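Student: model this:
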Amino acid sequence: MEIGAEDGNINRDSPVKVLLFEHRVRISGQVTMVVNLLQSSGSYITSSGRNSQIGLGKTLRIQPGLQNLGGWAVGARLSRRQRPSMQSEMALASLPQELLVQVLSYVPPLALVTRCGLVCWAWRDVVDGPSVWLLQLARDRSTEGRTFYDLAQRCLPHGKDKEFPLCVLACFCLHAPLGRNLIFNTCGEQGFRGWEVEHDGNGWAVEKNLTLVPGAPFQTCVTSFEWCFKKQIVDLVMEGVWQELLDSAQMEICVADWWGAQENCGCIYRLRVRFLDMYKNEVFKFSASPNPVLVTERSYRQVSHVFTNFSRGIRYVSFEQYGRDTHSWVGHYGTLITHSSVRVRIRLSWSSFPLARLAQFLIRIFQRPTSP
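Tutor: Predicted coordinates for the structure are as follows:
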């Protein structure tokens with residue numbers, strides 16, 4: 001039976017279309033079960049007898065008495081007898097748009113893009129739209145989550161960017177950039193992959209980190225007796241922070257770096273952070289030049305800075321490091337550098353905090369002992 005795709009039917013003689021058909025039926029069956037759950041009581045009962053929230057990422061353990069679900073488990077592999085029929089798939093097409101968006105909002109972001117968006121055009125339109133992603137953001141009830149949800153609604157872009165076919169909210173939920181370190185290969189665990197490196201003297205080297213640095217693995221980069229340089233350019237938009245959000249004056253960018261000297265050998269360290277526009281033209285920059293370390297024990301120091309109210313049009317962050325030793329010793333006795341970071345955070349105002357937190361803050365202030 002050969003029927004066109006426009007009619008919504010499947011050519012069962014084609015192996016490729018049979019696989020696509022089984023894939024669509026599997027996903028449709030899973031969402032059908034969630035629809036039944038939403039329409040019944042909004043919760044289900046596990047084998048332990050406790051109520052649990054609905055979520056596609058967890059397995060449903062159904063009591064024997066609940067025969068309406070057929071013993072299926074969301075995320076489990078269905079046998080041929082348990083696979084839903086074509087009528088179940090067609091029933092999803094008749095769902096109201098609001099209910100379909102509500103159901104799909106419980107799917108994890110990666111599965112929503114890579115699987116649900118391929119089921120049919122109706123589901124693709126939901127995945128490409130902002131509604132399903134706003135519902136996912138609205139479930140974060142923390143102070144940062146509520147603040148970002150309100151900000152995201154005000155900063156949605158107009159139209160669709162040709163460079164990024166996905167919805168900007170989809171890219172944000174997939175990459176989760178807030179608070180995450182956007183520097184790749186921060187400590188040289190993959191050599192110098194991801195960095196632009198210039199070697200002078202004996203060049204850069206990667207060695208084991210003998211001094212504990214919070215949050216850093218056991219690798220560090222070390223310079224030589226002449227100036228060594230390396231940099232990495234972070235594309236904030238590609239990491240999930242869309243341009244209108246960066247231009248909202250409600251975001252802050254935090255940069256930090258750990259550096260130190262070898263035992264019995266001094267070093268000089270420089271950090272430069274440049275902010276670039278979409279054409280990679282410099283908008284403004286920040287430089288840190290700590291005092292050189294002469295002779296000391298092997299230890300680390302941190303350089304950090306937080307950028308707020310930066311100029312509009314910022315897209316790239318160029319993170320650049322310089323280092324050398326002070327004794328011109330042959331080998332690698334120069335600056336130790338590790339755990340570099342660039343993080344994007346939402347700037348919280350006093351109005352963002354609940355009244356209870358503000359009251360506790362004021363109580364702590366008035367309870368502080370005053371000096372005579």
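Student: Now name the helix or strand holding Leu174.
Tutor: In this assignment (DSSP states H and E), Leu174 forms part of helix 168-175.
Student: From the contact counts, what lies against that helix?
Tutor: Counting contacts by 3 or more CB pairs under 8 Å, 6 or more residues apart in numbering; DSSP states H and E, helix 168-175 is packed against helix 109-114, helix 131-138. Glycine gets a C-beta too; all of them are placed from N, C-alpha and C.
Student: Tell me who's in contact with the closest residue to Val342 other than its chain neighbours.
Tutor: Spatially, and ignoring its direct neighbours in sequence, Val342 is nearest to Leu182 (4.7 Å; CB to CB, 6 or more residues apart in numbering). Counting by CB atoms under 8 Å, 6 or more residues apart in numbering, Leu182 makes contact with 234, 236, 239, 317, 341-344.
Student: again with Asp128
Tutor: Asp128 neighbours (CB under 8 Å, 6+ apart): 117, 166-167, 170.
Student: Equivalent analysis for Val206, please.
Tutor: 188, 191-192, 219-222.
Student: isn't there a helix covering it?
Tutor: No - counting by DSSP: H, G, I helix; E, B strand; the rest coil, Val206 is not part of a helix but strand.
Student: mind checking how far the residue lying closest to it once chain neighbours are set aside is from Phe307?
Tutor: In space, Val206 comes closest to Gly188 once its chain neighbours are excluded; the distance is 4.0 Å by CB to CB, 6+ apart. Look at Gly188 and Phe307: by CB to CB, to the nearest Å, they are 25 Å apart.
Student: before we move on, what about Ala122?
Tutor: On the measure of CB to CB, Ala122 and Phe307 end up 43 Å apart.
Student: got it, and Arg315?
Tutor: Applying CB to CB to Arg315 and Phe307 gives a distance of 14 Å.
Student: Look at Glu198 and say how many residues are nearby.
Tutor: Counted by other CB atoms under 10 Å, the residues lying close to Glu198 total 12.
Student: Ok, Thr335 next?
Tutor: Residues lying near Thr335 (other CB under 10 Å) number 29.
Student: so where is the stretch 201-350 of the chain shaky, pLDDT-wise?
Tutor: Along the stretch 201-350 of the chain, the model assigns pLDDT under 70 to residues 295-297, 349-350.
Student: Strands of that one, residue ranges please.
Tutor: With strands called from DSSP state E, counting those that start in this stretch, the stretch 201-350 of the chain shows them at 205-208, 219-222, 228-235, 251-261, 267-276, 282-288, 299-307, 316-325, 336-346.
Student: With respect to burial, which of these scores highest?
Tutor: Ranked by average neighbour count under the criterion mean count of other CB atoms under 10 Å, those are headed by strand 219-222 at a mean of 25.
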